[in-house]
Structure formats: C-alpha cells, structure tokens
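Engineer: I would like the atomic coordinates for the input below:
(one chain, ligands or ions: 1)
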Amino acid sequence: MTRTTDDDLQYGFGTRAIHAGQAPEPVTGAIMPPVFQTSTYVQEGLGRHKGFEYARTRNPTRDALERNLAALEGGRHGLAWASGLAATDAVLKLLEAGDHVICGENVYGGTHRLMSQVLSHLGLTFTFVDTRDLTRVADAVTPATRMLYVETPTNPMMRLTDLAAAGELARQHDLLLVVDNTFATPYFQTPLSLGADVVLHSTTKYLNGHSDMVGGALITNRDEVAERLAFLQNAAGAVPGPMDCWLALRGTKTLALRMQQHDASGRRIATYLSEHPEVRAVYYPGLPSHPQHDLACRQMRGFGGMVSFELGSLGRAERFVESVRLFSFAESLGGVESLVGHPASMTHASVPAAMREGMGLTDGLVRLSIGIEETEDLLADLEGALQQVAGVS
Ligand SMILES: Cc1ncc(COP(=O)(O)O)c(C=O)c1O
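Structural biologist: Alright, predicted model coming up:
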C-alpha cells in the first residue's frame, strides 16, 4: 500500500500519469523507475532496514505503480494485484462469513463466477440485481448486507449505474461501495469523487493498454480499508511481479492520449453501426439513443472504445467474427489493437444462460474493443465483415 502526496495530486491528468510516484531513481538518476527484480532486501540488523523486507510485502516498482494509479483516480491509497480478479477476490475478503453482497447482475463473467462458485462456498451470500434501478438495490438490502459492487459501464451490455445516487444509498445503509472502473478508466470517470469507497481495475486492460501483462488494482481514500487491503496483500499474497508493474506503469503514461483516440473511434463506429441495416441494436453510452445517455454525460467525461451490438443469431455472430481482418477475435479488451469477442461463449460463458438472456446477452451479441488504429481502416473492416453477414440467418 502506498500513499499519494499532495504533490502527486496537484497536477492535471496527463501530468500525474507521467510523474506521480515516479521521481528519478536516487542512486543513478535513472529517469524511469527501475524493475526491482528481487525477492528480498538486505537488512542492516534486527528491525533495521530501508522499509523493504520481502517482495510479497513491498517492492519499489510496485510502490511506484500503486502511487501512480491512486493519483490517476484522485485517491490516497493504491494497491496492485496479480490480476483484476485477484483484486476482486481481495476486496471481497474485507468481509466475513455471513455477510451479504449486492452485485450488479451484469458484471464481467469471471466476477460472477468468483462470487457464485467460489466465495459463496465460504459463507458470503450474493444477490445479483439490475443496478440501473437503485430501488432494486434498496429492496435487496438485508441486515447482513455489507457491500454494493457495481461495474459501470458494464461488460458487455454497457449499462450504467448512477454513482452519486449509489454512493448516497450505500451511505444510508452503511455499505461499502466498490466500483469496477475498468471500462471507463479514470480518464473518463472518477468514482471516488462521486461517492465510491473503493475503485477496482483490471490493469490488464486500458491502464496497461498494450496487451502484454495481467494485473489488477484497488484504490481508496479510506485509511482503515487500505490498511486491511495491504494486510491481505501480504497475508494472501496475490501480488504482481515487478516486470508486470513496470509494464502497467509504462502504459499509464499514454493513457490520456490513447483514451482520446479510443473514444473518437468509438463514437464514430457506434454511430456507423447504429445506422447499418445488418445490425439490430447497438449498446454504447455515447449514442443519444442509449437509454442512459444523459447519465453518461453527467458522470463520464467521454465514452471510450467499448461497443457491443446485436446481430440477431449465433450464426450471424459467428460469420462476423470469422470475417473481420483487422479486428482480432480474442478475449480481453483495452489494448492499442482492435479486438472482437463473443461474450456468450467467451467472457460470460460461466454466467447461467437464463441470466444472460434475461439481460440481452444473447448468442447474437458481439463486443468490440476498438483500438487506436486509423478509424477509416476499422470502418472498412467492419463493413467488409457485415457484408459477409448479409443473408446468413
Ligand atoms: C470489467 C472487468 N473487470 C475485471 C476483469 C478481470 O480482470 P483480469 O482478467 O485482469 O483478472 C475483467 C476481465 O475481462 C473485466 O472485463
């Protein structure tokens, strides 16, 4: 766990991305934080050391990343984890057997799997509700409820939760509000400023941005929560290695520039798809036709590069993903390269079919992670693939 300083937080986003937590290394003056590839540190004597004893507990490269990520979210404490799911696992370990969690029904499939197939066996209970409607959340609160866990926008239906209202509700019922900010990134949305207690990231995605590591992060302003999470980081040990921290840290330096391009192409591609005769529906909060577009404009500063759309059948979705040439058919999102995924059989395969269908996550749904290639080339690729879909039932 590292703490941001007032200095870290005083600058604009792009400046914080490059400087927060990253003073030149004092021994050599290296301008980039070194990869401290070590498992342990020599101590001078009993209880006398430089603050580093063992690398599961602390590592200077990880410290730099944690401070940087906290500064980007406008938070005080950052903690890095071995993956986004390790971060989810850790935040849920703040709870005890018998505690109850209300979770958005449309979250990443792995988040649902961790809750319903792992932690529910250890005594936590979960209710999955549509958090677009906060009265449903209020109705689900029981005396045992301790946490409200939401993703906004959600993967892959691009649903939003009103964070200011959710924060208010969480305060009323003394719940910890955890927000997975992976899709929006702190460039477009800062949940801590709207009432969240903990922000979660899969740093594997936009924060790293180059599809070359797996990691996670938790950011909070609450000292006691940060202390417990740091305890869990050391006690349970799901920490990232220094090289992965370094790669994530290199990624955040260009986050602002990358997000601008993801967003510019995202808006154009969502509009193009919404006018295309082969496309049945488009899910993108930046479209005025999105039912929560006004909320998106209130709580987000941009809409990003994630776009889902409905092609009407498994056969048409299959033809589409096999016809694209620039877009690669692969799991994951948030990299510089464009990807296409089929949520029902990939990221959300572990979600029960009835639940998937209930929220519109059909076999005909396709999800794009729009990279930072030339928008015109991406549009041409999509047009070529959609022409292949024509006539398929
Ligand atoms: C929104 C969201 N949160 C969390 C995760 C889990 O992250 P990781 O794959 O780094 O464990 C993912 C992975 O796709 C995701 O999309």
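Engineer: neighbours of the nearest residue to residue 163 once chain neighbours are set aside, how many?
Structural biologist: By the measure of C-beta to C-beta, 6 or more residues apart in numbering, the closest residue to residue 163 outside its immediate chain neighbours is residue 194, 3.9 Å from it. (Each C-beta comes from the backbone N, C-alpha and C, glycine too.) Look at residue 194: counted by other C-beta atoms under 10 Å, it has 18 neighbours.
Engineer: go on, the one 3 residues further on?
Structural biologist: By the criterion of other C-beta under 10 Å, residue 197 has 22 neighbours.
Engineer: residue 186 now?
Structural biologist: So residue 186, with other C-beta under 10 Å, has 30 neighbours.
Engineer: same check on residue 374?
Structural biologist: Neighbour tally, residue 374, other C-beta under 10 Å: 11.
Engineer: related to what we said a few turns ago, surely the residue nearest to residue 163 meets residue 300?
Structural biologist: No: using C-beta atoms under 8 Å, residue 194 is not in contact with residue 300; the gap is 10.4 Å.
Engineer: hmm, back to that, distance of the residue nearest to residue 163 from residue 293?
Structural biologist: Distance of residue 194 to residue 293, given as C-beta to C-beta, to the nearest Å: 18 Å.
Engineer: residue 378 contacts residue 266, correct?
Structural biologist: No: counting by C-beta under 8 Å, residue 378 stays clear of residue 266, with 10.1 Å between them.
Engineer: can you check which residues contact both of the two?
Structural biologist: Shared contacts of residue 378 and residue 266 (C-beta atoms under 8 Å, 6 or more residues apart in numbering): residue 370.
Engineer: name the SS class of residue 43, please.
Structural biologist: Secondary structure, DSSP: H, G, I helix; E, B strand; the rest coil: residue 43 is coil.
Engineer: please name the residues that touch it.
Structural biologist: Residue 43 is in contact with 49, 53, counting by C-beta under 8 Å, 6+ apart.
Engineer: now name the helix or strand holding residue 149.
Structural biologist: strand 145-151 (DSSP states H and E).
Engineer: ok, and the closest non-adjacent residue to residue 188?
Structural biologist: Counting by C-beta to C-beta, 6+ apart, residue 188 lies nearest to residue 302, which is 4.3 Å off, once chain neighbours are set aside.
Engineer: for the residue in the chain that the ligand sits nearest to, which non-adjacent residue is spatially closest?
Structural biologist: Taking C-beta to the nearest ligand atom, the ligand has its nearest neighbour within the chain at residue 84, 2.3 Å off. Spatially, and ignoring its direct neighbours in sequence, residue 84 is nearest to residue 202 (2.7 Å; C-beta to C-beta, 6+ apart).
Engineer: need phi/psi at residue 198.
Structural biologist: phi -140, psi 130 (degrees, to the nearest 10).
Engineer: cool, and the one 10 residues further on?
Structural biologist: The phi and psi torsions at residue 208 (degrees, to the nearest 10) take the values phi -70, psi -50.
Engineer: could you do the one 5 residues further on as well?
Structural biologist: Residue 213 adopts backbone torsions of phi -160, psi 170, taken as degrees, to the nearest 10.
Engineer: 6 is where my numbering starts, stick with that
Structural biologist: Yep, numbering from 6; the last one is residue 218 now.
Engineer: okay, it and residue 187: tell me how far apart.
Structural biologist: Computed as C-beta to C-beta, the residue 218 to residue 187 distance reads 14 Å.
Engineer: who has more neighbours out of the two?
Structural biologist: residue 187 (26 against 19).
Engineer: pretty sure that one contacts residue 204?
Structural biologist: No: in this structure, residue 187 is not within contact of residue 204 by C-beta under 8 Å, at 9.7 Å.
Engineer: what about residue 141, how many neighbours?
Structural biologist: Residue 141: 14 neighbours (other C-beta under 10 Å).
Engineer: partners of the residue lying closest to it once chain neighbours are set aside in the sheet?
Structural biologist: Using C-beta to C-beta, 6+ apart and skipping residues adjacent in sequence, the residue nearest residue 141 is residue 134, 4.5 Å away. Residue 134 has these beta-bridge partners by DSSP bridges: residue 109.
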